[in-house]
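Enquirer: Dropping the sequence and predicted coords here.
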Amino acid sequence: MISKKYIVFFLFLIPFLVKGQAVEETAPPFNIKTVTFTQNGTNAFPFFKLGDSFQLSFDDLYGNEEDYFFSITHHNYNWEPSELSKAEYLSGTDNQRVQDYENSFNTLQLYSHYRLQFPNNFFRIIKSGNYLVSVYNDKGVVFSKKFIIYEDLTEVPVQIKRSRNVSDIKEKQNVDFAVKSQQILFQNPNQNVKVVLFQNGKWNNRIADIKPQYNIGNDLIYKYNSETQFFAGNEYLNFDNKEIRVPTNTILRVDASNGLYSAYLYTDSARKNKGYTFFPDINGGFINRNLIAQNSQVEADYAWVYFSLFAPEYPAKANIYVTGMFNNYLLTDDNKMDYNKEKGVFEKAILIKQGFNNYCYTLLDNQNKLDEKNAIDGNYFETENIYNVLVYYRANGERYDRVIGKGEASSVNIIN
């Protein structure tokens with residue numbers, strides 16, 4: 001067994017070993033579930049203002065009170081390790097044990113629920129930028145999550161508009177925005193100012209490397225068309241098993257014969273080319289809840305949720321995944337659907353924590369790249385999405401990319 005001091009030493013070396021390489025998140029193993037950031041008791045997109053408190057939480061289905069530790073690393077705009085030493089972006093120390101945890105209560109599935117508070121008694125983040133939190137044990141890194149800390153030094157007005165191209169006006173949404181600051185006089189903004197655009201907090205379809213279209217004094221204007229467009233998608237589907245023992249309007253039947261509850265959802269049909277239907281959602285989020293519990297964090301049970309999709313226009317070998325914030329939109333075998341030839345549907349069973357969950361079906365092409373053009377549920381400009389714009393700035397002579405502002409807008413107010 002590898003001792004903790006060698007694990008810590010390895011984590012310290014990572015920024016030097018991968019210098020010049022963009023870091024990626026480490027997907028959790030099967031026993032680690034419901035990895036999420038929360039703020040004010042609600043699941044949150046991973047963008048937090050410098051100095052604000054938030055929390056990382058996760059469940060370990062082994063329920064053996066495993067010792068987990070955490071490490072925090074700072075990264076530049078392109079997710080390469082920054083030149084800052086740990087003492088420059090952290091006040092205090094990481095590589096400490098996650099001490100806030102408790103075991104599940106009155107659940108068929110045993111688990112330990114862990115919480116890591118930002119900031120806490122060990123450390124406080126003192127610089128804005130891109131961050132990676134890695135959770136590890138004596139065997140190595142178990143999983144890691146990206147998040148962004150920003151400063152409130154700019155105004156970022158955002159407006160969502162329909163596409164200006166007739167060919168995709170019905171299926172895309174365009175993000176118009178500006179960057180304005182009374183506190184920073186931008187130096188060489190075409191090189192020093194960078195932005196990243198997010199749709200519903202997802203990493204897999206973010207848009208980056210967009211330069212200002214033009215400047216008006218110290219105001220940077222971004223009024224592109226194709227460069228800042230997203231496929232609009234469709235409203236998320238959902239299921240709610242807060243009362244885990246009974247069916248609901250989205251759950252066909254419930255079975256408890258295999259030790260854990262199994263919820264069989266009604267079969268979904270592909271909504272592509274069927275027109276937009278207003279279907280309120282929470283933009284991919286989820287709410288863990290047990291209707292009869294006092295503390296759903298540890299009293300919400302886990303259930304096998306059986307998804308089925310009727311999509312005859314897609315081949316049996318299509319790469320279709322069930323995704324949402326509940327599984328961090330991971331495109332792994334645990335979330336990939338299999339084709340049932342006898343029933344003529346795609347199927348997948350996923351172990352998910354009890355509560356209200358949004359989900360969608362994600363399609364990859366033959367090169368395992370996101371295929372939003374041929375989305376299972378189509379693309380409709382009427383779809384309500386949340387868009388975030390993160391603004392980065394590195395002044396001449398600075399050693400790291402600061403995040404100086406965040407803008408947000410909903411496409412519910414879309415205009416032509």
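Expert: The structure has been received and is ready for your questions.

Enquirer: Tell me how this protein divides into domains.
Expert: Per automatic domain parsing, the domain ranges recorded for the chain read 4-150, 158-232+382-413, 237-364.

Enquirer: Please render these as a markdown table that adds mean neighbour count and mean pLDDT to the earlier fields.
Expert: Yep, even glycine has a C-beta here, placed from its N, CA and C like the rest. A markdown table is the format used below for the domains of the chain (neighbours: other C-beta atoms under 10 Å; pLDDT from 0 to 100):
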| stretch | mean neighbour count | mean pLDDT |
| --- | --- | --- |
| domain 4-150 | 17 | 91 |
| domain 158-232+382-413 | 18 | 96 |
| domain 237-364 | 17 | 96 |
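
Enquirer: Let me know which of those is the nearest to residue 372.
Expert: Among the domains of the chain, the nearest to residue 372 by C-beta to C-beta is domain 158-232+382-413 (4.0 Å).

Enquirer: Tell me the secondary structure at residue 87.
Expert: Secondary structure state of residue 87, per DSSP: H, G, I helix; E, B strand; the rest coil, is helix.

Enquirer: any idea how far residue 403 is from it?
Expert: 20 Å (C-beta to C-beta, to the nearest Å).

Enquirer: Compare the domains of the chain and report which one is nearest to residue 374.
Expert: Residue 374 lies closest to domain 237-364 among these, at 6.1 Å (C-beta to C-beta).

Enquirer: got the end-to-end distance for that closest one?
Expert: 19 Å (C-alpha to C-alpha, to the nearest Å).

Enquirer: And it, how far out from the chain middle?
Expert: Between the centre of domain 237-364 and the centre of its host chain there is 17 Å, according to C-alpha atoms, centre = their mean, to the nearest Å.

Enquirer: Ok, stretch 176-191 next?
Expert: 27 Å.

Enquirer: Is residue 159 in contact with residue 410, as I believe?
Expert: No - counting by C-beta atoms under 8 Å, residue 159 stays clear of residue 410, with 10.6 Å between them.

Enquirer: can you give me the helices for the stretch 51-200 of the chain?
Expert: Using DSSP state H, counting those that start in this stretch, the helices of the stretch 51-200 of the chain run over 86-89, 189-192.

Enquirer: coming back round to it: include distance to residue 375 when you put the domains of the chain into a markdown table, please.
Expert: Listed next are those as a markdown table, based on distance: least, C-beta to C-beta, whole Å:
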| stretch | distance to residue 375 |
| --- | --- |
| domain 4-150 | 21 |
| domain 158-232+382-413 | 7 |
| domain 237-364 | 6 |
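
Enquirer: For residue 371, find the nearest of those domains.
Expert: Ranked by C-beta to C-beta, the member of the domains of the chain that lies closest to residue 371 is domain 237-364, at 4.6 Å.

Enquirer: which residues sit against the helix or strand containing residue 392?
Expert: Assigned by DSSP states H and E, residue 392 falls within strand 386-393. Under the criterion C-beta atoms under 8 Å, 6 or more residues apart in numbering, residues 45, 47, 77, 148, 150, 154, 156, 158, 160, 173, 175, 177, 179, 184, 186, 192-201, 230, 283, 401-411 lie in contact with strand 386-393.

Enquirer: circling back: out of the domains of the chain, the one nearest residue 376 is which?
Expert: Smallest distance to residue 376 across the domains of the chain (C-beta to C-beta): 4.0 Å, for domain 237-364.

Enquirer: check contacts around residue 52.
Expert: residue 39.

Enquirer: So what are the sheet partners of the strand holding residue 392 and their directions?
Expert: Sheet pairing for strand 386-393, assigned by DSSP bridges, gives strand 193-199 (antiparallel), strand 402-410 (antiparallel).

Enquirer: would a markdown table of the ones you listed with distance to residue 218 be doable?
Expert: Listed next are the strands paired with strand 386-393 as a markdown table, based on distance: least, C-beta to C-beta, whole Å:
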| stretch | distance to residue 218 |
| --- | --- |
| strand 193-199 | 11 |
| strand 402-410 | 13 |
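
Enquirer: Among those, which comes closest to residue 59?
Expert: Closest of the strands paired with strand 386-393 to residue 59 is strand 193-199, at 25.6 Å (criterion: C-beta to C-beta).

Enquirer: Put the alpha carbons of the closest one into PDB.
Expert: Output in PDB follows, covering the C-alpha atoms of strand 193-199 (Å, rounded to 0.1, in the frame of the first residue of the first chain):
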ATOM      1  CA  VAL A 193      -8.600  39.400 -22.900                       C
ATOM      2  CA  LYS A 194     -10.100  35.900 -23.400                       C
ATOM      3  CA  VAL A 195     -13.500  34.500 -22.900                       C
ATOM      4  CA  VAL A 196     -15.300  31.200 -22.400                       C
ATOM      5  CA  LEU A 197     -19.000  30.600 -23.100                       C
ATOM      6  CA  PHE A 198     -21.000  27.900 -21.400                       C
ATOM      7  CA  GLN A 199     -24.500  26.500 -22.000                       C
END
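
Enquirer: downstream neighbour of it in the secondary structure list?
Expert: The first helix or strand that comes after strand 193-199 along the chain, using DSSP H and E, is strand 207-208.

Enquirer: strand partners of that following strand, parallel vs antiparallel please.
Expert: Partners of strand 207-208 in its sheet, by DSSP bridges: strand 193-199 (antiparallel).
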